[in-house]
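Colleague: Have a look; sequence and predicted model below, questions after that.
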Amino acid sequence: MVSLPGRKINTARAKMVLENPQGFSRKEMLSELDSTAYDLVIVGGGITGSYAALDAAQRGLKVALLEKDDFASGTSSKSSKMVHGGLRYIEQGNLPLVKHSLLERQRLRKNAPHLVQRLPFLFPVLSENGVFDPRLAAGFEALLWTYDLAGGWREGVLHKKLAPNEVLSHCSTFKTERLKYGFMYYDARVDDARLTLTIARTAAYFGATVANHVKVTDVRRHGGKVSGVEAETDEGISLSIRAKCVVMATGSWLRDWHGALPDAGVPPIRPAKGVHIAVPWSKIRNDCTVTIPVPGRARRATITRWGDVALLGTTDDDYQGSLDEVYCTADERDFLIEGTRTALNTDLDEHDVVGSIAGTRPLTAAPGGKTVDVKRNHEIRVDSDGLVTVVGGKLTTSRHMAEQTIDAVSTVLGVKTRCATAKQPLLGSAGYDAQSTTATGGLVAHLSERYGNESHFVADIIEHEPGADKPLVEGLPYLTGEAVYSIRREMAATISDVLDRRIRARLHARDAAAAAAPTVAELLVAEGAIDRPTADAQLNEYFDEIAKEKDALNTYSNEKEKV
């Protein structure tokens, strides 16, 4: 591995990567925070903050990225797992966003091919009560041509029209009595949490100081200018971190704390709640993302296969509650199940739900109207004291949002810099060949799709360490060695870090993940990440979170049992 011409990297870390995976030691990072003066501190370790850290580090700026919980623990692990242009944005008349999103989609496909894979989308055309009126089908096909010409062609395949039997070949449970034909077009899917983590690790490779479980509590100022931040770790360690500029990349959490001076204008933040539920794939039997109509609702729903489960989503509603405790409710669960049963021949019911996620989109909009109609644009604000705020947008455009943010930071710092992230491969992706690795199947394919060309580091643990080749979560393909790797090399410091984001066990099999929690707690202690009292506290907290999720899934908004 070599550095890019003109880019500054941490040479010690680069040398280590030649023989070992990127270290990503939280203890070392905390030590750097305590002794380093930074050009900028980024608050928020989601997809936007992580990409901003990578961009800044590549430009040679001294940058620290701080996340109060875990990387992607908020919105960036609760998305629809899609990297897409967004057909709905064409319907809104927002063609510039679609064109740019499709360009960014292909950049992610090239820069992280092990994490971002092609995903076909199927739109059925029904004689009545479909995704759209069948009389508008010709117009919809024109929309698909617009999508292809706006950048969909970069995927190497254009949309196509499907006969009824072709539609059924992709989802055999479709009800046939109203099925006329269908359309298929192509976008991409991603494990959003692993993508965010990989971007943060790549930022660290280029010299960024990156730490999770570090909460920024205040923005310091001296002489009317930003001078750093005050922060506290989960262990109770207080940190005073020096910086010439502070970037707020906290997404929806900007609603509760923006770090700006009282007289500064703050972008209007309107969190919109979205939920997904996981059900056994055998209840759906789809090989692509299927778009289904939901009776009585303008928004359509999608069903995406992911291994042995299918993800049903999503809702789009205003949310006023706690941003740290967002759960799928019984009403939202039933909304998705009823829509699925209307379109498919399936006996799916609430007892089939094996996992759920709920999060909020950080929309930049004032109250009024439906959140589904709000454009997914982003906003960057630069205050006179050197505070930079970025909010809005979507996962697909995160790299570009980060580029514009660091352009603004460079102006604040009075330096000339140039972005190079558009062509920067992320760790694990350089030289990765998806066809050759996935065709092998088995453990090779499983590891390659998660770690890319770093998978041999995980395989070494699995092969050589006692017990590392044992299954971690019943019914899922993850092995104990993957949890060990996540603790040693991916800064996993809690049970949730491992089971909810380094692997996606809680979403795919919530009860099995709970059963595996004690094993993960033992691994965290054995690896020196936490002590025994902390492990016991984490176990209680994890079981409590599982209970809250299950309680919410059985709670209706009117507080009455379903009749």
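Modeller: Structure received. Numbering: from 1, shown residues only.
Colleague: Let me know how buried the residue lying closest to S455 once chain neighbours are set aside is, in neighbour terms.
Modeller: Nearest residue to S455, sequence neighbours excluded (Cβ to Cβ, 6 or more residues apart in numbering): L447, at 3.8 Å. Every residue, glycine included, has its C-beta placed from N, CA and C. By other Cβ atoms under 10 Å, 24 other residues sit near L447.
Colleague: ok, now which ones touch L447?
Modeller: Neighbouring residues of L447 by Cβ atoms under 8 Å, 6 or more residues apart in numbering: 455, 458-459.
Colleague: repeat that for 10 Å
Modeller: 114, 437, 454-459, 462, 477, 479, 481-482, 485 (Cβ atoms under 10 Å, 6 or more residues apart in numbering).
Colleague: Mind checking which of those residues land in strands?
Modeller: In strands, judged by DSSP state E, none of the contacts of L447 are found.
Colleague: out of those, who's nearest L336?
Modeller: Minimum distance to L336 across the contacts of L447 is 25.5 Å, recorded for P477 (Cβ to Cβ).
Colleague: Give the burial count for S322, as a bare number.
Modeller: Counted by other Cβ under 10 Å, the residues lying close to S322 total 8.
Colleague: whoops, W306 was the one
Modeller: Using other Cβ under 10 Å: W306 sits among 15 other residues.
Colleague: can you pull the contacts of S127?
Modeller: Shown in contact with S127 (Cβ under 10 Å, 6+ apart): 134, 177-180.
Colleague: what comes up buried for the helix or strand hosting the residue nearest to S455?
Modeller: Applying DSSP states H and E as the criterion places L447 in helix 442-451. Residues of helix 442-451 classed as buried by neighbour count (16 or more other Cβ atoms under 10 Å): 444-451.
Colleague: Among those, which one sits closest to D308?
Modeller: H446 (12.7 Å).
Colleague: So D511: helix, strand or coil?
Modeller: Put simply, D511 is helix when judged by DSSP: H, G, I helix; E, B strand; the rest coil.
Colleague: And H400, by the same measure?
Modeller: Criterion first, three-state DSSP; result for H400: helix.
Colleague: Same question for D500.
Modeller: helix.
Colleague: So what does G182 have for phi and psi?
Modeller: The phi and psi torsions at G182 (degrees, to the nearest 10) take the values phi -150, psi 170.
Colleague: measure it to R118 for me?
Modeller: According to Cβ to Cβ, to the nearest Å, G182 stands 18 Å off from R118.
Colleague: and the two? which has more neighbours close in?
Modeller: Set side by side, G182 and R118 show more neighbours around G182, with 25 against 14, by other Cβ under 10 Å.
Colleague: That one pairs with what?
Modeller: P124, L162 (DSSP bridges).
Colleague: Report the contact partners of it.
Modeller: So G182 contacts 122-126, 131, 137, 160-164, 166-168, 170-171, 174, 290-291 (Cβ under 10 Å, 6+ apart).
Colleague: Quick check: pLDDT value at it.
Modeller: As predicted, G182 sits at a pLDDT of 90.
Colleague: got it, and the one 10 residues further on?
Modeller: The predicted local distance difference test score for D192 is 97.
Colleague: Could you pull up phi and psi at it?
Modeller: phi -60, psi -40.
Colleague: And the spatially closest residue to it that is not a sequence neighbour, how close does it get to P362?
Modeller: Among residues not flanking D192 along the chain, S79 sits closest, at 4.8 Å (Cβ to Cβ, 6+ apart). S79 is 12 Å from P362, where distance means Cβ to Cβ.
Colleague: Overlap in contacts, those two.
Modeller: By Cβ under 10 Å, 6+ apart, the residues touching both S79 and P362 are K394.
Colleague: what pairs with V290 across the strands?
Modeller: According to DSSP bridges, beta-bridge pairing links V290 with L122, I303.
Colleague: Cross-check the contact I'm expecting between T233 and I241.
Modeller: No - using Cβ atoms under 10 Å, T233 makes no contact with I241, being 11.6 Å away.
Colleague: more neighbours, those two?
Modeller: I241 (23 against 19).
Colleague: And the helix or strand hosting that one, how far out from the chain middle?
Modeller: Using DSSP H and E, I241 maps to strand 238-248. The chain centre lies 25 Å from the centre of strand 238-248; the measure is Cα atoms, centre = their mean, to the nearest Å.
Colleague: And for stretch 496-514?
Modeller: Relative to the mean C-alpha coordinate of its chain, stretch 496-514 is positioned 15 Å out (Cα atoms, centre = their mean).
Colleague: For it, measure first residue to last.
Modeller: 10 Å (Cα to Cα, to the nearest Å).
Colleague: model confidence over it, on average?
Modeller: Mean predicted confidence for stretch 496-514 is 98.
Colleague: Repeat that for stretch 286-303.
Modeller: 82.
Colleague: so how far does that stretch reach from one end to the other?
Modeller: 8 Å.
Colleague: How about stretch 43-50?
Modeller: Using Cα to Cα, the two ends of stretch 43-50 sit 10 Å apart.
Colleague: Could you list the low-pLDDT ranges of the stretch 451-563 of the chain?
Modeller: Filtered on pLDDT under 70, the stretch 451-563 of the chain yields the residue ranges 559-563.
Colleague: distance of the residue lying closest to V279 once chain neighbours are set aside from F174?
Modeller: Spatial nearest neighbour of V279, excluding adjacent residues (Cβ to Cβ, 6+ apart): D352 at 4.7 Å. Applying Cβ to Cβ, the value for D352 to F174 is 18 Å.
Colleague: can you check Y181 too?
Modeller: 11 Å.
Colleague: Kindly check the end-to-end length of stretch 250-266 for me.
Modeller: 13 Å.
Colleague: So which bits of it are buried?
Modeller: 250-255, 258-260.
Colleague: what's the offset of that stretch from the middle of its chain?
Modeller: The answer for stretch 250-266 is 23 Å, by Cα atoms, centre = their mean.
Colleague: Stretch 509-529 now?
Modeller: The answer for stretch 509-529 is 22 Å, by Cα atoms, centre = their mean.
Colleague: how about that stretch: buried residues?
Modeller: 509-510, 512-514, 516-517, 519-521, 523-525, 529.
Colleague: same thing with stretch 176-190?
Modeller: Neighbour-count burial for stretch 176-190, counted by 16+ other Cβ under 10 Å, picks out 179, 181-190.
Colleague: Next step: the contacts of S127 restricted to strands.
Modeller: If you go by DSSP E, the contacts of S127 have 179-180 in strands.
Colleague: Output the contacts of S127 as a markdown table; include the columns distance to I495.
Modeller: Formatted as a markdown table, those follow (distance: Cβ to Cβ, whole Å):
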| residue | distance to I495 |
| --- | --- |
| P134 | 50 |
| E177 | 48 |
| R178 | 46 |
| L179 | 45 |
| K180 | 49 |
